[in-house]
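Colleague: Here is a sequence with its predicted model. Questions after.
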Amino acid sequence: MISESNLYKIKFQFLLKEPRLNYSSIRQKSFFQNLSFHLTYISFRLIISKINFSYLKQLFENSINKYLINNLFSFLTHSEREHFMFKRFSNSLLSKRLIINVFSILIFSAFIVACGGSENAGEQTNGEANKTTSEVKSSKEFTTVTTAEIGKLDGSTAQKGKELFEAKCTACHKYDTRLVGPALGEVTKRRTPEYIISMITHPDEMIKNNDTVKALLQQYMTPMTNQNVTLDDAKAIYEHLKSISNNL
Amino acid sequence: MKNYKISAIAIMIAVSLILVSFACNSSKESVTEGDAASKVYVAPGKYDEFYSFMSGGFSGQLSVYGLPSGRLFRVIPVFSQDPEKSWGYSEETIPMLNTSHGFIPWDDAHHPELSQTNGETDGRWIFINGNNIPRIARIDLTLFKTVEILELPNSSGNHSSPFTTENTEYIVAGTRFSVPIPNEDVSIKEYKEKFKGTLSFIKVDPKDGNMDLSFQILMPGFDYDLAHAGKGPSHGWMFFTCYNSEQANTLKEVNASQFDKDFIAAVNWKKAEEYLAAGKAKEVTTSYYHNKWNEKTHSASSTELTKVKILDPADCPGLVYYMPTPKSPHGCDVDPTGELIVASGKLSTVVPVFSFKKMLAAIDNKSFDKTIDGIPVLSYDKVIAGEVQNPGLGPLHTEFDGRGNAYTSMFVSSEVVKWSLKDFKVIDRIPVYYSIGHLMIPGGDTRKPNGKYLVALNKITKDRYLPTGPELTQSAQLIDITGDKMKMLLDFPTIGEPHYAQAIEAEKVKDKSVRFYKLEDNEHPYKTSKPDDTKIVREGNKVHIYMISIRSHFTPDNIEGIKVGDEVYFHVTNLEQDWDVPHGFAVLGAQTAELLIMPGETITYKWTPKKPGVYPFYCTDFCSALHQEMQGYARVSPANSKIELSWNK
């Protein structure tokens, strides 16, 4: 039992065993011989072990980037090789083959970056918190309930709405002045029923998708809370606010 | 130039090979043989496959980890005060820690046990025992909260507990330390004559989980150590290991290790029900407390109970049998079929496996060696199914994978040993670090084990982690048991001393989790449902503040008229109705803890100000961008002050 004790070690021992930058061998071989050796070795390891993506990325970062950066640098600084290598390097810059080689490495890098990016994006949208049920409507303002879903608003539940408002809303809203949130006495004159009811039933989605709400959040800094109000109760609260507004 | 050409070709080949290998690797399933890291890796935002409940040991709590990641999700306070969660500090939770010895802020928790239906874990509740002051707690898995604690009278060292029958008809408890029953002032030298053990059977209401001490069985004064219920064909029986059949009362290390064999006590609890119905039990007066959490009032109550029914095996033939078991047995484990009972003698060189069928036959044939206090001792040869030879040193506990294999922990030789239930031959062994106690397979003591992982719960940590002074974290290890060979996957630290643990498929629990308390259902006597209802009421020197909290303010937040000598009760209701929006509460100079109030919940905070001044209070849990503004002031005036109570709304 040697290595179970240290998972980190297990995970990376493979990397640690990778051929490290070896100045003596580099000095004996050309830049491209070394590079091709590394790439071939990596691909060989990849195929035989079917290692997963993150390993490859690590490998790429650890071996190739370091190789390119450190070795190019070493080409330019190691005095005993300096003249010879620099000459070779500058000559090869003009070589078409080098351009092809560099180009293929760039494509390879782009491939890794692109794959890595898409995988991360996939993970991020998996979280429950980010789940949205509605798409942003480009033609008109975003709301979570439609006019049809709201149905008729005849003021019959305004009294019930008053009680609900006092229980669930007055901690943050007054009719005539701003408290934590905006004054709501005349909100029905400013906003549509769809907006108001969506804001009560689905504040999180509205904050994310509705441009007006986004702007309001910047102004008020405290997000509208989800008080778990049903559609019917939200309609009642709307009717109450409507009746207040009519009486003002 | 030729060199370059070869190199260039080699590079092109290499790049294309890498690209091809990507194509091969597109499936996320591809895991390298022996790639432990990816087997325990749970990507950000993804869930673990299992909830694992680890005993908090001497912390007295129950911790919840994810498997296979080994990530800690929550520490559920059970038997000990927890200032972070105001458990045992808020007025509502203080009664949960009441006992016949008064308010007790700590205990030693050992064995979590999930409730079962048809011998499978069902995700309703998990039970855990208090070892020092004999108690059993029930935790509701929709809330991850301790909702009931039942004290056990006539008991001490409540270790063989709280193991469940296959439909959670009963959970059991036993005395590891025999005591005079009833406990009284006697000489310890009179151990053999005066000291007794008891085995308690606690009935669990299938609807609401309510625990009721149904009966106790009075046993010889041995040390009753661990237990497991029969299942399937052996349902109706409960098996307890016991040691110290020598009945030593000093230096037990030596004196309780004299005899070649101690016992498994096999209890026929269906027979006990018959004797109970026939009025064979003696009702004894005693004192023990039953504490219950009411989820509607968000408050606990503590009730004293004074009666318990006791059955004496001498009056109840067929109730209890002893099966001789080598060398101070510890673990007592029943295989998934219910036919085999595995005991582990701590000092034994074999692991004996008993046959339930043979046991019944031996009882029928009266194959008894002798009788102890009216309890027949069955002949070892007549009940043994086989012995695991050379299993390792210091066998303790056994769990099962549902594929015909058993896994036994070896404390002295620090290893897990896999053996076959067919021929009792050792198949595989893996070293663990260090000195393993319990081991756990999800469902590993039920009829349907989920034999994917095994967790080793090690007693000694030593050099496994970065050192943290003399006191180290506890060490658990995750082992893959899906293949022929066990494979070590992960070390992860745990709290307290990890005794037993249990795990359950996350699917059985996660969707039932409560997200917040509905304000409409809140029946707390000091609830405040809307800002308009906030008020302050003086009753003599008691000041009751009905307060609300919502992002991000308290109402009221300016309070005057409190006097030195007053007992101030903040009854704070969190008006939020959304998941994961708790508010905290703390006041300068408070002698208790902070409050953490879940959405829709009401909690009470007692504060006794000692001198005049202005005392700020604030929210302790970051709740919004303006959390730092969530604060207020309470003014305290001298005792003789004429200032009336006043507050803002």
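Modeller: Nice, I can see it.

Colleague: wait, doesn't B:Ala229 sit right on B:Val334?
Modeller: Yes: look at B:Ala229 against B:Val334 with Cβ atoms under 8 Å: they come within range, at 6.9 Å. In this view, the C-beta of every residue, glycine as well, is placed from N, C-alpha and C.

Colleague: what is in contact with those two at once?
Modeller: B:Phe239 (Cβ atoms under 8 Å, 6 or more residues apart in numbering or on different chains).

Colleague: surely B:Glu148 meets B:Gly209?
Modeller: Yes: counting by Cβ under 8 Å, B:Glu148 touches B:Gly209, with 6.9 Å between them.

Colleague: Could I get the contacting residues of the nearest residue to B:Glu92 once chain neighbours are set aside?
Modeller: Nearest non-adjacent residue to B:Glu92, counting by Cβ to Cβ, 6 or more residues apart in numbering or on different chains: B:Ser299, 4.4 Å away. If you count contacts by Cβ under 8 Å, 6+ apart, B:Ser299 has them with B:Glu92, B:Pro95, B:Trp293, B:His524, B:Pro525.

Colleague: And for B:Ile363?
Modeller: By Cβ under 8 Å, 6+ apart, the residues touching B:Ile363 are B:Gly318, B:Tyr321, B:Pro376, B:Leu378.

Colleague: helix/strand/coil for it?
Modeller: B:Ile363 falls in the helix class when you classify it by DSSP: H, G, I helix; E, B strand; the rest coil.

Colleague: still on that earlier bit, neighbour-wise, which of B:Glu148 and B:Gly209 wins?
Modeller: Higher neighbour count among B:Glu148 and B:Gly209: B:Glu148, with 22 against 17, using other Cβ atoms under 10 Å in any protein chain shown.

Colleague: so what's the more buried one bridging to?
Modeller: B:Arg138, B:Lys292 (DSSP bridges).

Colleague: show me what contacts it?
Modeller: Neighbouring residues of B:Glu148 by Cβ under 8 Å, 6+ apart: B:Ala137, B:Arg138, B:Gly209, B:Asn210, B:Met211, B:His290, B:Asn291, B:Lys292, B:Trp293.

Colleague: And those, which is closest to chain A?
Modeller: Nearest to chain A among these: B:Trp293, at 23.3 Å, using Cβ to the nearest Cβ.

Colleague: is it true that the closest one touches B:Arg138?
Modeller: No: B:Trp293 is beyond contact range of B:Arg138, at 9.3 Å (criterion: Cβ under 8 Å).

Colleague: Now the common contact residues for those two.
Modeller: Common neighbours of B:Trp293 and B:Arg138 (Cβ under 8 Å, 6+ apart) are B:Thr146, B:Val147, B:Glu148.

Colleague: tell me which of the residues you listed is nearest to chain A?
Modeller: B:Val147 (23.4 Å).

Colleague: nearest spatial neighbour of the closest one, skipping sequence neighbours?
Modeller: In space, B:Val147 is closest to B:Trp293, 4.1 Å off (Cβ to Cβ, 6+ apart).

Colleague: Repeat that for B:Lys462.
Modeller: B:Tyr434 (5.8 Å).

Colleague: What residues does that neighbour make contact with?
Modeller: By Cβ under 8 Å, 6+ apart, B:Tyr434 lies in contact with B:Ser414, B:Asn458, B:Lys459, B:Ile460, B:Thr461, B:Lys462, B:Arg464, B:Ser475.

Colleague: Give the helix, strand or coil label for it.
Modeller: Per three-state DSSP, B:Tyr434 ends up coil.

Colleague: go on, the one 10 residues further on?
Modeller: Of the three states, B:Gly444 takes coil according to three-state DSSP.

Colleague: Contacts only, for the residue lying closest to it once chain neighbours are set aside.
Modeller: If you skip the residues right next to it in sequence, B:Gly444 has B:Glu399 as its closest partner in space, 3.3 Å away by Cβ to Cβ, 6+ apart. Residues near B:Glu399 by Cβ under 8 Å, 6+ apart: B:Asp333, B:Ala406, B:Tyr407, B:Leu439, B:Met440, B:Ile441, B:Gly444, B:Asp445, B:Pro449, B:Leu454.

Colleague: Run through who's touching whichever strand or helix holds the second one.
Modeller: This means B:Ala406. B:Ala406 belongs to strand B:405-410 when assigned by DSSP states H and E. Here strand B:405-410 makes contact (Cβ under 8 Å, 6+ apart) with B:331, B:333, B:335, B:342, B:344, B:351, B:388, B:391-401, B:416-421, B:427, B:432, B:436-439, B:441, B:444, B:451, B:454, B:456, B:481.

Colleague: In strands, which of the residues you listed fall?
Modeller: B:331, B:333, B:342, B:344, B:351, B:388, B:395-400, B:416-420, B:427, B:436-439, B:454, B:456 (DSSP state E).

Colleague: Filter the residues you listed down to the buried ones, ChimeraX style.
Modeller: This is how ChimeraX selects the buried members of those, with burial counted by 16 or more other Cβ atoms under 10 Å in any protein chain shown:
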select /B:331,333,342,344,351,388,395,396,397,398,399,400,416,417,418,419,436,437,438,439,454,456
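
Colleague: pLDDT weak spots in chain A?
Modeller: Low-confidence segments of chain A (pLDDT under 70): A:1-139, A:248.

Colleague: if you set the cut-off to 90 instead, what comes out?
Modeller: Across chain A, the ranges flagged by pLDDT under 90 are A:1-141, A:171, A:218-223, A:245-248.

Colleague: My guess is B:Ile202 contacts B:Leu150. True?
Modeller: Yes: counting by Cβ under 8 Å, B:Leu150 is a contact partner of B:Ile202 at 6.5 Å.
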